[in-house]
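S.K.: Pasting the sequence and the predicted coordinates here, then a few questions.
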Number of protein chains: 2
Amino acid sequence: MNDIKILIVEDEPIIAEDIAALIERNDFVVSAIVYTKENALHELQTNLPDLVLLDINLNGEMDGLLIAEKINKQFNIPFVFITSYSDKSTLEKAKYTEPSGYIVKPFNEAGLYSTLEIALYNHAQKNKLKFPPLSLQKINKNLQDLVSEREFTLLELIYEGKTNKQIAEMLFISLNTVKKHINNTYLKLEVSSRASAIACLRRLMTDL
Amino acid sequence: MNDIKILIVEDEPIIAEDIAALIERNDFVVSAIVYTKENALHELQTNLPDLVLLDINLNGEMDGLLIAEKINKQFNIPFVFITSYSDKSTLEKAKYTEPSGYIVKPFNEAGLYSTLEIALYNHAQKNKLKFPPLSLQKINKNLQDLVSEREFTLLELIYEGKTNKQIAEMLFISLNTVKKHINNTYLKLEVSSRASAIACLRRLMTDL
DNA sequence: TTTAAAATCACCCCAAAGGGTAATTCAACT
DNA sequence: AGTTGAATTACCCTTTGGGGTGATTTTAAA
């Protein structure tokens, strides 16, 4: 079963069926067609699809956006908006949900198919992004008081989840020394706990 | 100058002008219109746009794909294919270049505009995303004893570097409750400290 | 409606971590 | 030779965090 399952969320049955037929013509599988937000959420929890085709407007409400947010929070699957509302304010709200695609009706079959293919492929690639290792250069680039190499060594161990005692044993230095180094580093990073130090490092590694 | 500059690579002047007019109607700026691969590459190096609209077929060759690969290697900007070739083999090749969008002619103005908006926004977000966010699904995928949604909420806050007290205040629950949740979570993750929990989460998020 | 699972809270204990000051050693540079 | 700065250690004290037990309340499911 390598079939790609697609959930259709569309309150107009005729259009939904139309889309469904089109999807199946292109070797995808329609996991379900739902007409309301509630059914969509239920379907997501019980029969998670590989992709969701989302109409923004459901029965007069912009429930599609809420579903999109839910997908971002809880499910790691791509979704594509498919709507007849092409006004800028709708688009503005929609883009903040980071959809994999946005299709304006009337659409053509080739356009929908290619959007789905690319959404699926890009999403798969996105999941291969991995956590970059710490770099002393990058950390110091944004600091006025520079972290030394020794301190950086300790930071890496903290980042790995090691306790002070473990660090002391690994580096053959006293527990007091470990604490001293870490304290000095906290001042430079302007943090006051291991967890916030790690969060700070993550931030420093990302911007720029 | 916060104008978004778009480079158009399209070998049919009439269509290129048509697209250009459409783009400018939507408050973008056309940085240039080029008809060949060579001119496209030159334009990229001398006047880097914020986005590239790429026809796949240029003068009978599929040079659009080569340009796409070049953009991926050397330039960190999004690009959108816009082509009349909607056959599967073309799409297959195109999708491996991870385009931000794929528009099939004939297209409508709203569809192109929304695709551009979303391509720009998603690309901007992608650059902030070297560190993937936590996902409850991914965490639980590798656990026998599942983390609940509430526990996940606490994990996210720990991941952000928050202290127990801060978490208690943010969630309007007692400090005891926070400690209880975290303890339960530690058992599930088989860790025994915040820092090691964070390291564990990072690991869980990376391997598939 | 009954049952099970989550979520909530309290209390206790002890280990770990954070914060400050001070002192010594060592290498590098002037 | 003298100065600087990093690395090292000690000792103090306070706060936070981790671990266990038990109980109540919500919520979800059967």
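M.R.: All right, it came through fine.

S.K.: what about the strands in chain A?
M.R.: With DSSP state E as the criterion, chain A has strands at A:5-9, A:29-34, A:51-54, A:79-83, A:101-104.

S.K.: TSV please, covering the ones you listed and showing mean neighbour count, mean pLDDT and distance to DNA strand D.
M.R.: C-beta coordinates here come from the backbone N, C-alpha and C atoms, glycine included. Output for the strands of chain A, formatted as TSV (neighbours: other C-beta atoms under 10 Å in any protein chain shown; pLDDT from 0 to 100; distance: least, C-beta to the nearest atom of the strand, whole Å):
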stretch	mean neighbour count	mean pLDDT	distance to DNA strand D
strand A:5-9	24	95	19
strand A:29-34	18	94	18
strand A:51-54	26	96	20
strand A:79-83	24	94	23
strand A:101-104	25	93	31
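
S.K.: tell me which parts of chain A are close to DNA strand C?
M.R.: Proximity of chain A to DNA strand C, by C-beta under 7 Å from any atom of the strand, involves residues A:163-165, A:176, A:179-180, A:182-183, A:186, A:192-194, A:197.

S.K.: Can you name the residues in contact with the least confident helix or strand in chain A by mean pLDDT?
M.R.: Ranking every helix and strand in chain A by mean pLDDT, DSSP states H and E puts helix A:136-141 at the bottom, with a mean of 82. Outside helix A:136-141, the residues within contact range by C-beta atoms under 8 Å, 6 or more residues apart in numbering or on different chains are A:146, A:147, A:149, A:152, A:155, A:201, A:204, A:205, A:208.

S.K.: what about 10 Å?
M.R.: A:132, A:135, A:146-149, A:151-153, A:155-156, A:185, A:188-189, A:200-201, A:204-208 (C-beta atoms under 10 Å, 6 or more residues apart in numbering or on different chains).

S.K.: could I have that helix exported to PDB, CA atoms only?
M.R.: Below are the C-alpha coordinates for helix A:136-141, written out as PDB (Å, rounded to 0.1, in the frame of the first residue of the first chain):
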ATOM      1  CA  LEU A 136      31.700  28.400  18.000                       C
ATOM      2  CA  GLN A 137      32.100  30.900  15.200                       C
ATOM      3  CA  LYS A 138      28.400  31.300  14.700                       C
ATOM      4  CA  ILE A 139      27.800  31.600  18.400                       C
ATOM      5  CA  ASN A 140      30.400  34.300  18.800                       C
ATOM      6  CA  LYS A 141      29.300  36.200  15.800                       C
END
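
S.K.: So for chain A, which residue is the most central one in space?
M.R.: residue A:72 (6.3 Å; C-alpha atoms, centre = their mean).

S.K.: what residues does chain A put near DNA strand D?
M.R.: A:146, A:148-151, A:171, A:173-177, A:179-181, A:193, A:195.

S.K.: quick one: which of those residues sit in helices?
M.R.: Cross-referencing these against helices under DSSP state H gives A:149, A:150, A:151, A:171, A:175, A:176, A:177, A:179, A:180, A:181, A:195.

S.K.: Grab the nearest non-local neighbour of the most far-flung residue of chain A relative to its centre.
M.R.: For chain A, the residue at maximal distance from the C-alpha centroid (C-alpha atoms, centre = their mean) is residue A:174, at 41.5 Å. Spatial nearest neighbour of residue A:174, chain neighbours left out: residue A:168 (6.3 Å); criterion: C-beta to C-beta, 6 or more residues apart in numbering or on different chains.

S.K.: okay, the one you found: pLDDT?
M.R.: pLDDT for residue A:168: 90.

S.K.: ok, it touching residue A:175?
M.R.: Yes - using C-beta atoms under 10 Å, residue A:168 is in contact with residue A:175, at 4.5 Å.

S.K.: Looking at these two, which is more packed in?
M.R.: residue A:168 (18 against 13; other C-beta atoms under 10 Å in any protein chain shown).

S.K.: residues contacting the more buried one?
M.R.: With C-beta under 10 Å, 6+ apart, residue A:168 has these contacts: A:154, A:162, A:174, A:175, A:176, A:177, A:178, A:179.

S.K.: how much space between the fifth one and residue B:195?
M.R.: If you measure residue A:176 against residue B:195 using C-beta to C-beta, to the nearest Å, the figure is 19 Å.

S.K.: go on, the last one?
M.R.: Taking C-beta to C-beta as the measure, residue A:179 falls 15 Å from residue B:195.

S.K.: Those two: who's more crowded?
M.R.: When neighbours are counted by other C-beta under 10 Å, residue A:179 and residue B:195 differ, and residue B:195 comes out ahead with 21 against 13.

S.K.: shouldn't residue A:186 be in contact with residue A:198?
M.R.: No - assessed by C-beta under 10 Å, residue A:186 is found out of contact with residue A:198, at 11.7 Å.
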